[in-house]
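Visitor: For reference, the sequence and a predicted model appear below.
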Amino acid sequence: MNVLSNKQIKLISSLQKKKYRDQHQLFIAEGDKLVMDLLHAKTEAAYLIYTKDWRNLSNPLKKYKIEKRIEVESNQLKKISNLKNPSPILGVFHIPKFKIQDDIIQNSLSLLIDDIQDPGNLGTIIRIADWFGIQNVFCSPNTVDLFNPKVIQATMGAISRIKISYTPLGDLIKKHQKENFPIYGTFLEGEIIYKSDLRNKGFIIMGNEGKGISPELQQLVSKKLFIPNYPANQATSESLNVSVACSIICSEFRRR
């Protein structure tokens with residue numbers, strides 16, 4: 001049985017903060033399914049830290065390239081875990097780099113995330129993209145950090161299958177905007193989504209939780225959509241949670 005050094009504990013604990021994730025180009029993932037999904041997707045692992053009980057139960061690590069494997073007591077995992085009830089396995093992974101492929105973007109649906117701040121919302125949207133076969137998600141520079149541990153946990157492994165990039169969204173839209181490439185966004189004055197002509201390619205913009213789609217991007221939207229409440233004109237919540245709205249939108253696109 002190994003013991004984590006103070007240096008290792010300090011490094012792993014520091015990765016709770018974006019500053020150090022950026023500095024070391026590392027992030028944390030906890031839980032059997034999440035860690036194994038990342039390994040299966042060939043995400044490079046710097047450390048894999050696990051208990052003897054987990055190894056005896058699973059022992060699936062031989063085929064994966066892992067820089068350092070450390071078997072520890074469960075109380076050691078508690079020192080570095082971000083979870084209230086720590087999992088028996090924690091991975092420290094190198095932050096992957098994604099290459100944007102313009103030809104794929106032009107012929108498929110992509111999600112654009114405009115300054116979403118809640119880690120749970122971003123993680124859930126990535127799961128939704130995975131479920132509905134949307135391979136590319138583009139985030140504005142001010143969107144919550146993808147490698148925030150709470151975002152990683154909320155993706156439930158979907159992060160291993162989706163390409164996520166941070167880029168100025170206005171520039172991205174202008175680069176790809178063409179007559180037959182729609183830019184979708186949700187608005188109260190939009191066309192009811194269930195009656196709209198929806199294409200199998202384009203950008204779908206999901207706006208900030210409180211402010212919605214930014215004014216800059218509103219001007220670039222070519223197709224305004226509206227998710228109606230039911231029954232119409234009945235008093236209801238002011239708006240839908242952004243991840244719930246994203247699920248409804250993606251479902252309707254795929255239903256067609």
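Guide: Received it, and whenever you're ready, just let me know what you need.
Visitor: Check which helix or strand residue 36 maps to.
Guide: Of the helices and strands defined by DSSP states H and E, residue 36 is found in helix 32-40.
Visitor: List the buried residues in that helix.
Guide: 34-39 (16 or more other C-beta atoms under 10 Å). Any C-beta I mention is one placed from the backbone N, CA and C, and that applies to glycine too.
Visitor: helices or strands up against that helix?
Guide: strand 45-51, strand 89-94, helix 149-155 (3 or more C-beta pairs under 8 Å, 6 or more residues apart in numbering; DSSP states H and E).
Visitor: And for residue 133, the neighbour number?
Guide: 11 (other C-beta atoms under 10 Å).
Visitor: show me what contacts it?
Guide: residue 254 (C-beta atoms under 8 Å, 6 or more residues apart in numbering).
Visitor: Tell me how far residue 189 lies from residue 253.
Guide: 20 Å (C-beta to C-beta, to the nearest Å).
Visitor: Compare these two (neighbour count), which wins?
Guide: residue 253 (20 against 6).
Visitor: element containing that one?
Guide: helix 242-255.
Visitor: Determine the set of other helices and strands touching that helix.
Guide: Using 3+ C-beta pairs under 8 Å, 6+ apart: helix 242-255 touches strand 109-113, helix 119-131, strand 183-192, strand 202-206.
Visitor: what's the closest of these to residue 138?
Guide: Checking the helices and strands packed on helix 242-255 against residue 138 by C-beta to C-beta gives strand 109-113 as the closest, at 5.1 Å.
Visitor: Neighbours of residue 246, how many?
Guide: Residue 246, neighbours per other C-beta under 10 Å, totals 25.
Visitor: what sits against it?
Guide: Contacts of residue 246 (C-beta under 8 Å, 6+ apart): 111, 124-125, 128, 204, 206.
Visitor: Closest one of those residues to residue 19?
Guide: residue 125 (24.3 Å).
Visitor: Show the pLDDT at the closest one.
Guide: We have a pLDDT of 98 for residue 125.
Visitor: Looks like it contacts residue 116 (just checking).
Guide: Yes. Between residue 125 and residue 116 there is a contact under C-beta atoms under 8 Å: 7.4 Å.
Visitor: Neighbour count: those two, which is higher?
Guide: residue 125 (29 against 21).
Visitor: and the gap between that one and residue 134?
Guide: Residue 125 is 10 Å from residue 134, by C-beta to C-beta.
Visitor: Ok, residue 191 next?
Guide: For residue 191, the distance to residue 134 - C-beta to C-beta - is 21 Å.
Visitor: cool, and residue 112?
Guide: Distance from residue 112 to residue 134, by C-beta to C-beta: 11 Å.
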